[in-house]
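Undergrad: Sharing a model that was predicted from the sequence below.
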Amino acid sequence: MKHDELDAALDSFGDALASATRVTPGNALRPEDIAVDGVAPSEEVAQYALTLGDDALILAQRLAHWISRAPELEEDVALGNIALDILGHARSFLTYAGLAWGKTEDDLAYWREEEEFTSLWIVEQPNGHFGVTIIRQLIVSVFQHLIYQQLTTSQDETLAAIAAKAVKEVDYHRDHAIQWTIRLGQGTEESAEKMRHALEILWPYVDEMFRDEAVHQNLDSIAVRPSTLREAWQEEISAVLAQAGLQIPATGQAMAFGRRGEHSEHLGYLLAEMQVLARKHPGASW
Amino acid sequence: MSQQSNWPLWEVFVRSSRGLSHVHAGSLHAPDHEMAVRNARDLYTRRNEGVSLWVVKSTDIISSDPDEKDSFFESPQGKDYRHATYYKASEGVKHL
């Protein structure tokens, strides 16, 4: 569908699909395109899209908290940009998943309970100090970059299209985290100490990222099996940490099962804040 | 933020498309030139403004002295012959 035709089609949806981010130059895939043009995925593909969307949504919510709080104005804008990119990925994945169940991205974001979220524990971990946020970004964006790279060749065309847009953005997020990791690791004694601290509190959530779950079965050549990414991830992270003069900590691994709806104590508070407005004023738009 | 930034100031130049020259877009603070390019990307190219970025440390730019404006910039005044419009087209010359 051409963009002008699409806009006409969107108009018929009224406010339900109107959005401040409607106008996107170029031909990048928009969540609105998926909502109007998308073919509903199978239950299995929808569940898979939901996991990627939930990771992105929760991480975006965490990152957005830095806006107006970052150490420098320039960094405020950088983290805000990254948060918005990731929110965009979440919108696309959730919109696509929702087609399978007759739900919108908002239904899925605002009207699900904690145990219905399938996100990883690492994305719901608190921001901590700047070093914690950077290490979390390093761990997650390298992981997401590997997923999206592979997902661009998925047999599912919508997943491939979302990934093709996301991979370019996450490539930058990854670069941003790497640059800061190196600078803070090699910075002052205090900055290096804070980076070691960040690695210690986040490393327990690494194993969960690479665990294959039921949702990854039966989706060969459509989904990416997380276990297949571990080696490449470890290699890249190790190289960055070595350059930063940091080491992988010898910490145990948390019993984290976010993909199955079992979450750390942090997700409930995050959801309460994220969902309060939509639930207090159901159907409100602006 | 407990203390003022002591990151150096950088000037940002954006080229809006191939074939055009880089144009000064503004300035920003960054710890080093690599981060300055990244910050410039976030601050000045968010809405498809450009295809190329330059950053230059502000202290590396030497500017003309505003007090010497007269001697610097007013010398061309009254020298109309420096403009093409000063000259009459010769008869019989086509495609001018």
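TA: That came through, no problem. Just so you know, these numbers come straight off a predicted model, no measurement behind them.

Undergrad: can you give me phi and psi for the nearest residue to residue B:32 once chain neighbours are set aside?
TA: Closest residue to residue B:32 apart from its sequence neighbours, by Cβ to Cβ, 6 or more residues apart in numbering or on different chains: residue A:183 at 7.9 Å. For glycine as for every other residue, the C-beta is placed from the backbone atoms N, C-alpha and C. Phi and psi for residue A:183, reported as degrees, to the nearest 10, are phi -70, psi -40.

Undergrad: next one: residue B:10
TA: Phi and psi for residue B:10, reported as degrees, to the nearest 10, are phi -130, psi 150.

Undergrad: who in chain B is up against chain A?
TA: Along chain B, the residues adjacent to chain A under the rule Cβ under 8 Å from any Cβ of the partner chain are B:1, B:5, B:7, B:28-32, B:34-35, B:38-39, B:41-43, B:46-48.

Undergrad: mind checking the longest helix of chain B?
TA: Taking DSSP state H as the criterion, chain B has its longest helix at helix B:33-44.

Undergrad: So which elements touch that one?
TA: Where contact means 3 or more Cβ pairs under 8 Å, 6 or more residues apart in numbering or on different chains; DSSP states H and E, helix B:33-44 is packed against helix A:73-99, helix A:157-185, strand B:9-15, strand B:23-29, strand B:52-57.

Undergrad: and the angle from that helix to strand B:52-57?
TA: Angle, helix B:33-44 to strand B:52-57, by axes from the mean of the first three to the mean of the last three Cα atoms, to 10 degrees: 120 degrees.

Undergrad: State the pLDDT value of the one residue in chain B that gets nearest to chain A.
TA: Going by Cβ to the nearest Cβ, chain A is nearest to residue B:39 of chain B, at 4.2 Å. With respect to pLDDT, residue B:39 scores 95.

Undergrad: Of the residues of chain B next to chain A, select the buried ones using a PyMOL command.
TA: Command for PyMOL that selects the buried part of the residues of chain B next to chain A, burial taken from 16 or more other Cβ atoms under 10 Å in any protein chain shown:
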select buried, chain B and resi 7+28+29+30+31+35+38+39+41+42+43
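
Undergrad: show me where pLDDT drops low in the chain?
TA: You didn't pick a chain, so chain A it is. For chain A, applying pLDDT under 70 flags the ranges A:1-27.

Undergrad: Chain B, not that one
TA: For chain B, the stretches with pLDDT under 70 are B:1-5, B:96.

Undergrad: now with 50?
TA: Scanning chain B for pLDDT under 50 picks out the ranges B:1-2.

Undergrad: who's in contact with residue B:72?
TA: B:64-65 (Cβ atoms under 8 Å, 6 or more residues apart in numbering or on different chains).

Undergrad: rerun at 10 Å
TA: B:64-66 (Cβ atoms under 10 Å, 6 or more residues apart in numbering or on different chains).

Undergrad: Residue A:272: neighbour count?
TA: Look at residue A:272: counted by other Cβ atoms under 10 Å in any protein chain shown, it has 11 neighbours.

Undergrad: Regarding it, what is its secondary structure?
TA: With DSSP: H, G, I helix; E, B strand; the rest coil as the basis, residue A:272 sits in helix.

Undergrad: ok, it touching residue A:279?
TA: Yes. If you go by Cβ atoms under 10 Å, residue A:272 and residue A:279 touch, sitting 9.4 Å apart.

Undergrad: mind checking how far whichever residue of chain A sits closest to chain B is from residue A:137?
TA: Among the residues of chain A, residue A:74 lies nearest to chain B; the distance is 4.2 Å by Cβ to the nearest Cβ. Relative to residue A:137, residue A:74 is positioned 16 Å away (Cβ to Cβ, to the nearest Å).

Undergrad: what does residue A:57 give?
TA: 16 Å.

Undergrad: Could you work out the end-to-end span of stretch A:258-276 for me?
TA: Stretch A:258-276 has an end-to-end distance of 22 Å (criterion: Cα to Cα, to the nearest Å).

Undergrad: Adding distance to residue A:209, write the helices and strands packed on helix B:33-44 out as CSV.
TA: Output for the helices and strands packed on helix B:33-44, formatted as CSV (distance: least, Cβ to Cβ, whole Å):
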stretch, distance to residue A:209
helix A:73-99, 16
helix A:157-185, 14
strand B:9-15, 36
strand B:23-29, 34
strand B:52-57, 33
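
Undergrad: quick one, which of those is nearest to residue A:256?
TA: With distances scored as Cβ to Cβ, the stretch of these nearest to residue A:256 is helix A:73-99 (20.0 Å).

Undergrad: Now do the closest one and helix B:33-44, the angle between them.
TA: Helix A:73-99 runs at 60 degrees relative to helix B:33-44, counting by the same axes, to 10 degrees.

Undergrad: So which bits of helix A:73-99 are buried?
TA: Within helix A:73-99, the residues that count as buried by 16+ other Cβ under 10 Å are A:74-99.

Undergrad: now swap in stretch B:47-67 and tell me
TA: Along stretch B:47-67, these residues count as buried under the neighbour rule (16+ other Cβ under 10 Å): B:50, B:53-55.

Undergrad: just checking, residue B:46 is part of a strand?
TA: No. The assignment for residue B:46 (three-state DSSP) gives coil, which keeps it out of a strand.
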